[in-house]
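>>> Provided below are the primary sequence and the corresponding predicted coordinates.
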Amino acid sequence: MKHLVTLVGLIAFLMIVLPGPLYKFNIVELGTAFAGFRLGVYVGGAALALLLVQVLFMRKTVSLASAVITVIFAAVAIAMPLNMMNTAKSVPPIHDISTDLINPPEFVAVVPLRADAPNPVAYAGEETAAQQRKAYPELKPLEYNQTQLELVAATTKAIENLGWELVNSDVNNGIVEATDTTTWFGFKDDVVVRINDKGSKRVVDIRSKSRIGKSDLGKNAQRINALIDELNAVVVQ
């Protein structure tokens, strides 16, 4: 019984942590990965239920080490999906975020890379903009005193520091594009930075969009904030 309980806990754990890499390396489809992910929650619950039965009715077969391992495996299997669900409930179900909601920066070099992406390259529209205004009111256009050339260089450096893949750095048009690949599932999200003159200052706008999925769980807003922080750090240097 001891080994069975631990095995069920291990299976639950693997059903949670493996779907991401299996999808990332094209071993399973996304639907299959998510199905296994959801099922892992129930298997984790089953592991805890079996452990409780073991403690109540077969106490002599329980060892502290196996019980702790089972609890850890089951807790991870249950907590990770629940945390994602809670995150999904706390953010709007959108995946296209921009500091400029009237005239969002347009992707250029990224366009052919998204040819087969479920989410089209065009901006998601006013409904998405309205949800963003409510959820992420802090995301606004940025103003700098540096020249366009300096800001393109600084943006390129910031993107490299963040470990994203640089797709395009167009000094003449003030456009920088990049792709960020998420660690777990390997989802690819694209970023475009636009730099325009505004009198004696330069206005920088950033847009981040997922290639797949209705909700980004807040990832695109986090990505824009991360780029803003890194860009400010580079500019100050």
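Received the coordinates, thanks. Numbering: from 1, shown residues only.
>>> When you work out contacts or count neighbours from here on, use the C-alpha atoms and nothing else.
Noted.
>>> Could you measure from residue 192 over to residue 25?
26 Å (C-alpha to C-alpha, to the nearest Å).
>>> Same drill for these two, tell me which one is more crowded.
Under the criterion of other C-alpha atoms under 10 Å, the comparison of residue 192 against residue 25 puts residue 192 first, with 26 against 11.
>>> mind checking the backbone torsions on the most far-flung residue of the chain relative to its centre?
Distance from the C-alpha centroid of the chain, by C-alpha atoms, centre = their mean, peaks at residue 60 (45.2 Å). Dihedral pair for residue 60: phi -70, psi -20, per degrees, to the nearest 10.
>>> Just the pLDDT at it, thanks.
Note on residue 60: pLDDT of 80.
>>> for the one 10 residues further on, same thing?
Reading off the confidence values, residue 70 has pLDDT 95.
>>> dump the residue contacts of residue 38.
16, 81 (C-alpha atoms under 8 Å, 6 or more residues apart in numbering).
>>> and the gap between it and residue 85?
On the measure of C-alpha to C-alpha, residue 38 and residue 85 end up 11 Å apart.
>>> Likewise for residue 232?
Taken as C-alpha to C-alpha, the span from residue 232 to residue 85 is 33 Å.
>>> who are the neighbours of the host helix or strand of residue 7, in terms of helices and strands?
Using DSSP states H and E, residue 7 maps to helix 2-17. Packing partners of helix 2-17 (3 or more C-alpha pairs under 8 Å, 6 or more residues apart in numbering; DSSP states H and E): helix 30-57, helix 64-90.
>>> mind giving me a markdown table with those and columns for distance to residue 111?
Shown next, in a markdown table, are the helices and strands packed on helix 2-17 (distance: least, C-alpha to C-alpha, whole Å):
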| stretch | distance to residue 111 |
| --- | --- |
| helix 30-57 | 23 |
| helix 64-90 | 28 |
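>>> Wait, a strand at residue 204?
Yes: under DSSP: H, G, I helix; E, B strand; the rest coil, residue 204 sits within a strand.
>>> Could you check how many residues crowd around it?
26.
>>> Contacts only, for it.
So residue 204 contacts 141, 142, 143, 144, 193, 194, 195, 196 (C-alpha under 8 Å, 6+ apart).
>>> Contacts only, for the fourth one.
When contacts are counted by C-alpha under 8 Å, 6+ apart, residue 144 is found next to 201, 202, 203, 204.
>>> Just give me the neighbour total for residue 22.
18.
>>> Check residue 237 and give its pLDDT.
67.
>>> quick one: low-confidence ranges for the chain?
Low-confidence segments of the chain (pLDDT under 70): 1-2, 237.
>>> if I look at the residue nearest the centre of the chain, how far off is residue 88?
In the chain, the residue lying closest to the centroid (C-alpha atoms, centre = their mean) is residue 219, at 4.1 Å. Distance, residue 219 to residue 88, by C-alpha to C-alpha: 11 Å.
>>> and if you look at residue 192?
In terms of C-alpha to C-alpha, residue 192 sits 24 Å off from residue 88.
>>> Roughly how far does residue 127 sit from residue 213?
From residue 127 across to residue 213, the span is 17 Å (C-alpha to C-alpha).
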